[in-house]
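Engineer: Okay, predicted coordinates and the sequence, questions at the end:
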Amino acid sequence: MNFRQAKWDEPIIFELGSSGRRGFIVPDVEDEIRKVLGEIKIPEEILRKDPPNLPELSEVEVARHFIRLSEMSYGIDSGPVPLGSCTMKYNPKLMLKYIEDPRITLLHPLQDEETVQGILEIMYYLQRWLANIVGMDLCTLHPAAGAQGELTGVITIRRYHDLKGQEHKDEIIVPDSAHGTNPASASMGGFKVVEIPTSPDGNVDLEALEAAISDRTAGLMLTNPSTLGLFEENILTIAELVHKVDGLLYYDGANLNGIMGYVRPGDMGFDIAHINIHKTFSSPHGGGGPGAGPVCFKNKTVKGDIRLGDIIPGPIVVKDRNGNYKIQMPKYAPGRLRAFTANVGPLVWGFIYILALGPQGLKEVTETAVLNTNYFMKFLEKLGAKGYTLTHGQERFRKHETVLSAEPLKKETGVTAEDVAKGLLDRGFYAPTIYFPLIVPEALMIEFTETETKENLEAYARALKEIEDEARKEPSKAKMRPLNTSVRRIDNVKANHPRSVTPSWRVKVLRDKGLLGALR
């Protein structure tokens with residue numbers, strides 16, 4: 001059985017097993033806990049009075065159940081997940097050896113700092129390494145993920161202008177090719193969003209930027225390379241225009257995988273840069289997290305002796321004269337974005353990734369990612385594919401990703417980017433990001449990263465060519481796919497309906513077991 005043949009109506013684990021059946025006895029770990037945390041006395045009033053209502057299964061039942069479920073799924077360990085801009089690279093398993101170490105997993109965020117010097121040392125050096133990689137002066141590891149990193153940058157921009165008495169600066173400029181979180185973060189920070197277009201060559205439209213910039217401009221949010229996979233050729237001019245009106249330039253680090261080791265945002269004129277550990281530095285990205293979105297800053301003067309590093313929301317790790325590591329809130333910080341200092345797991349993962357590769361290895365990551373993107377495009381062209389085209393900067397070299405438009409295929413056959421994506425699923429591949437960026441009609445946003453092989457790139461290109469050929473011969477069949485997956489094409493309207501779709505027979509099983517309320 002493979003993931004495409006598994007049944008959709010697999011039972012949930014509470015529907016399996018039998019009362020009294022056991023496959024695992026939980027070991028007594030109190031001695032291990034004492035070694036790390038010392039004696040712990042749990043207050044009587046919070047101790048559980050009744051045992052938890054857990055499934056009762058043998059080991060073989062548990063193993064088969066979860067293996068069946070895994071065969072229905074697809075992840076980066078199954079094959080390429082070329083989600084453009086999401087950067088789903090392979091997660092090296094070496095890191096699990098360290099982040100699952102009890103000396104890390106049994107730490108508590110409320111422990112005294114002197115008892116967690118090891119993890120604070122890791123965080124201190126990770127701050128320094130990340131700041132160096134993006135050409136900044138200091139870094140906070142506080143944000144929980146990329147979008148919260150964006151908000152950290154936006155709040156800092158707000159704080160910068162407020163302290164300078166520039167409350168009239170209420171606009172942030174965002175290109176039309178930006179990630180959707182950019183305007184959302186700017187809006188959450190209390191700014192009005194001014195959108196500017198992308199020129200046909202794929203760069204920011206400089207005339208539009210010059211027209212948009214005014215005394216009300218607080219900053220500009222930009223990713224480089226862009227979501228089109230193109231390096232912004234006018235970045236120094238852009239930085240000069242923004243700084244001329246005392247705006248701050250914010251770097252969205254989602255696409256850092258395309259320039260790491262070659263150029264640094266800080267050297268391009270950016271003042272603030274967020275980084276996605278779960279994209280660039282390989283910690284797991286799927287399943288909603290956990291993520292980590294460190295933000296690095298140029299320590300430029302704000303006002304008097306106040307510098308940018310003094311107004312960062314959230315703590316940083318510092319080293320005192322005695323060599324001890326401490327968690328410190330910046331002097332004029334507006335507050336925290338979350339309860340504790342950082343998501344430690346993905347940060348340790350990123351620390352080990354950087355330590356293992358070193359500066360030259362990180363540079364080779366970029367080289368291979370860029371090579372993979374451009375090889376894929378050339379191979380698809382060699383196959384004679386005519387249904388996919390580029391819409392911006394057609395002659396320009398791509399970086400970490402490319403955005404193909406399936407508009408020629410749609411005009412000729414009626415087969416859309418969504419149909420192409422479903423066709424890829426039918427052939428055992430994960431679909432790319434579709435319909436983004438919005439400026440590309442029928443967009444297929446493809447990013448293989450450095451971890452995919454030449455053979456995988458070629459197989460993916462052949463699948464796209466097969467879909468194109470089928471669209472010309474049997475367009476109705478191409479629009480019916482997927483035909484081989486565990487779930488056929490869903491009704492997009494029904495899929496968004498709030499009503500529960502739990503089958504009535506399953507509701508009865510859950511109710512009989514007393515679990516219906518617990519699962520809601």
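Structural biologist: That came through, no problem. Residues are numbered from 1 along each chain as shown.

Engineer: so where is the stretch 1-150 of the chain shaky, pLDDT-wise?
Structural biologist: Low-confidence segments of the stretch 1-150 of the chain (pLDDT under 70): 1-9.

Engineer: ranges for the helices of it?
Structural biologist: Using DSSP state H, counting those that start in this stretch, the helices of the stretch 1-150 of the chain run over 30-37, 59-72, 94-99, 102-105, 117-133, 146-163.

Engineer: Mind listing residues that contact stretch 97-111?
Structural biologist: 32-33, 36-37, 116, 118-119, 339-341, 344-345, 348-349, 352 (C-beta atoms under 8 Å, 6 or more residues apart in numbering). Yep, even glycine has a C-beta here, placed from its N, CA and C like the rest.

Engineer: closest to D205 among these?
Structural biologist: For the contacts of stretch 97-111, the minimum distance to D205 (C-beta to C-beta) is 38.8 Å, reached by W349.

Engineer: Would you map the strands across this protein?
Structural biologist: Here the chain has its strands, by DSSP state E, at 138-140, 171-175, 192-196, 217-222, 248-251, 272-274, 295-297, 301-303, 306-307, 316-319, 325-328, 402-405, 433-434, 443-446.

Engineer: Looking at those strands, which is nearest to I490?
Structural biologist: It's strand 433-434; of those, that one is closest to I490 (C-beta to C-beta) at 14.8 Å.

Engineer: pLDDT (mean, whole number) over that closest one?
Structural biologist: For strand 433-434, mean pLDDT rounds to 96.

Engineer: what packs against it?
Structural biologist: In terms of contacts (3 or more C-beta pairs under 8 Å, 6 or more residues apart in numbering; DSSP states H and E), strand 433-434 is packed against helix 417-426, strand 443-446.

Engineer: F429 is in contact with N484, correct?
Structural biologist: No - counting by C-beta atoms under 8 Å, N484 does not reach F429; the two are 11.8 Å apart.

Engineer: neighbour-wise, which of the two wins?
Structural biologist: F429 (21 against 13; other C-beta atoms under 10 Å).

Engineer: any idea how far the more buried one lies from P51?
Structural biologist: Distance, F429 to P51, using C-beta to C-beta, to the nearest Å: 45 Å.

Engineer: Give me the number of neighbouring residues for V60.
Structural biologist: Quick note: V60 (other C-beta under 10 Å) scores 9 neighbours.

Engineer: actually L120, not the one I wrote
Structural biologist: That count, for L120 with other C-beta under 10 Å as the rule, works out to 19.

Engineer: how close does the closest residue in space to it that isn't next to it in sequence sit to S283?
Structural biologist: Nearest non-adjacent residue to L120, counting by C-beta to C-beta, 6 or more residues apart in numbering: Y325, 3.6 Å away. Applying C-beta to C-beta, the value for Y325 to S283 is 22 Å.

Engineer: D205 too?
Structural biologist: Distance from D205 to S283, counting by C-beta to C-beta: 36 Å.

Engineer: what do you get for N496?
Structural biologist: Note on N496: its distance to S283, by C-beta to C-beta, is 31 Å.

Engineer: So between these two, which is more surrounded?
Structural biologist: Per other C-beta under 10 Å, whichever of N496 and S283 has more neighbours is S283, with 28 against 8.

Engineer: need the strands of the chain in JSON lines with mean neighbour count, can you?
Structural biologist: Shown next, in JSON lines, are the strands of the chain (neighbours: other C-beta atoms under 10 Å):
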{"stretch": "strand 138-140", "mean neighbour count": "26"}
{"stretch": "strand 171-175", "mean neighbour count": "26"}
{"stretch": "strand 192-196", "mean neighbour count": "17"}
{"stretch": "strand 217-222", "mean neighbour count": "27"}
{"stretch": "strand 248-251", "mean neighbour count": "27"}
{"stretch": "strand 272-274", "mean neighbour count": "29"}
{"stretch": "strand 295-297", "mean neighbour count": "30"}
{"stretch": "strand 301-303", "mean neighbour count": "14"}
{"stretch": "strand 306-307", "mean neighbour count": "18"}
{"stretch": "strand 316-319", "mean neighbour count": "19"}
{"stretch": "strand 325-328", "mean neighbour count": "16"}
{"stretch": "strand 402-405", "mean neighbour count": "24"}
{"stretch": "strand 433-434", "mean neighbour count": "20"}
{"stretch": "strand 443-446", "mean neighbour count": "25"}
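
Engineer: contacting residues for the spatially closest residue to A178 that is not a sequence neighbour?
Structural biologist: Spatial nearest neighbour of A178, chain neighbours left out: M221 (6.4 Å); criterion: C-beta to C-beta, 6+ apart. Residues near M221 by C-beta under 8 Å, 6+ apart: 150, 153-154, 172-174, 178, 182, 185-186, 250, 252.

Engineer: which residues does M221 bridge with?
Structural biologist: Bridge pairing for M221 (DSSP bridges) gives the partners Y250.

Engineer: what about it, distance to I196?
Structural biologist: Taking C-beta to C-beta, one finds M221 at 11 Å from I196.

Engineer: Overlap in contacts, the two.
Structural biologist: Common neighbours of M221 and I196 (C-beta under 8 Å, 6+ apart) are 173-174.

Engineer: Quick check: which of the helices and strands packed on strand 433-434 is buried the most?
Structural biologist: Comparing the helices and strands packed on strand 433-434 by mean neighbour count (mean count of other C-beta atoms under 10 Å), strand 443-446 ranks first with a mean of 25.
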